[in-house]
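# The following block contains a protein sequence and its predicted model.
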Amino acid sequence: MSARSENLRMLGKLAVIAAGMFAFGYALIPIYKHICELTGINILSLSERQVPGGGAAGRDVRVPDNSQVDRSRTITVEFDANSRGPWEFRPARRSLQVHPGELATVMYEFRNVQDRRMAAQAIPSYAPRQAAAHFNKLECFCFKQYVLEPGEKKEWPVAFVIDPRLSKDVTTITLSYTFFEVGGKTPPAPI
């Protein structure tokens, strides 16, 4: 056999293998959904097929509640803002009632009232101190520094979840941020 005919045979084999792999990959999605539906391990596939006003695929399907949320407890989260410099910084709301395990979001407002560009960053603190290990921030402006132009106003979210393992005697948590200029002169602490 010539090298050319061997190459063509090999090309044919590789094309069959590639087509088989493509067909298998394409079939994985319906196979996966069917297995998940049978075993009940993927709640999303069940809720995607829910029909308004009556079950999914001819039967009632109840999507379970988030079992990580402790609805038997309510914690008051108080929000505080301190600034070390001539700018405005405050939470959009002063407090929020949340259940442990529940995702919550609060906005903070910041405005550079100076006549110059500035870079700033926020540092969080918690009271009581033991709450810090159970206060899980998913999104926070405190994760990085920001540059604001003169007069520029921004709003930033803090998305958080309080771990249900937080001691039951903690009913109020205060989240306090101190916003300070990075690389500039820091004014003396208030007396």
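Great, that's in hand.
# Surely Met10 forms part of a helix?
Yes - counting by DSSP: H, G, I helix; E, B strand; the rest coil, Met10 is part of a helix.
# Please determine how far it is located from Lys137.
In this view, Met10 and Lys137 are 56 Å apart by Cβ to Cβ, to the nearest Å. In short, each C-beta sits where N, CA and C put it, glycine included.
# What of Asn82?
As judged by Cβ to Cβ, Asn82 and Lys137 stand 18 Å apart.
# my read is Glu155 is in a strand, agree?
Yes - per three-state DSSP, Glu155 lies within a strand segment.
# Please name the bridge partners of it.
Beta bridges link Glu155 to Glu109, judged by DSSP bridges.
# And for it, the neighbour number?
Using other Cβ atoms under 10 Å, Glu155 is surrounded by 11 other residues.
# center of this structure - which residue?
Leu138 (4.1 Å; Cα atoms, centre = their mean).
# C-terminal to the lowest-mean-pLDDT helix or strand in the chain, what's the next element?
Within the chain, no helix or strand scores below helix 43-48, which has a mean of 42 by mean pLDDT, DSSP states H and E. Sequence-wise, the next helix or strand downstream of helix 43-48 (DSSP states H and E) is strand 75-84.
# so where do the helices sit in the chain?
3-39, 43-48 (DSSP state H).
# And the nearest residue to Val98 once chain neighbours are set aside, what's its pLDDT?
Leaving aside its chain neighbours, Val98 sits nearest to Ala104 (4.6 Å; criterion: Cβ to Cβ, 6 or more residues apart in numbering). Turning to Ala104, the model gives it a pLDDT of 91.
# Report the contact partners of Ala104.
77, 96, 98, 159-161 (Cβ atoms under 8 Å, 6 or more residues apart in numbering).
# Now flag whichever of those is closest to Ala18.
Using Cβ to Cβ, Ala159 is the member of the contacts of Ala104 that lies nearest Ala18, at 43.9 Å.
# Which strand residues bridge Glu78?
With DSSP bridges as the rule, Glu78 is bridged to Ser95, Thr174.
# Give me the neighbour count for it.
Using other Cβ under 10 Å, Glu78 has 15 neighbouring residues.
# and if you look at Phe110?
22.
# residues touching it, list them.
Phe110 is in contact with 87-89, 120, 146, 148, 153-156, 179, counting by Cβ under 8 Å, 6+ apart.
# Would you mind measuring from Leu103 to Ala159?
Counting by Cβ to Cβ, the gap from Leu103 to Ala159 is 7 Å.
# list residues touching both of the two?
Leu138.
# Let me see the domain layout of the chain.
Using automatic domain parsing, the domain ranges for the chain come out as 3-48, 75-181.
# Just name the most buried of those domains.
domain 75-181 (a mean of 15; mean count of other Cβ atoms under 10 Å).
# where are the low-confidence patches of this structure?
36-37, 39-67, 184-191 (pLDDT under 70).
# again, 50 this time
By pLDDT under 50, the low-scoring segments of the chain are 43-64, 186.
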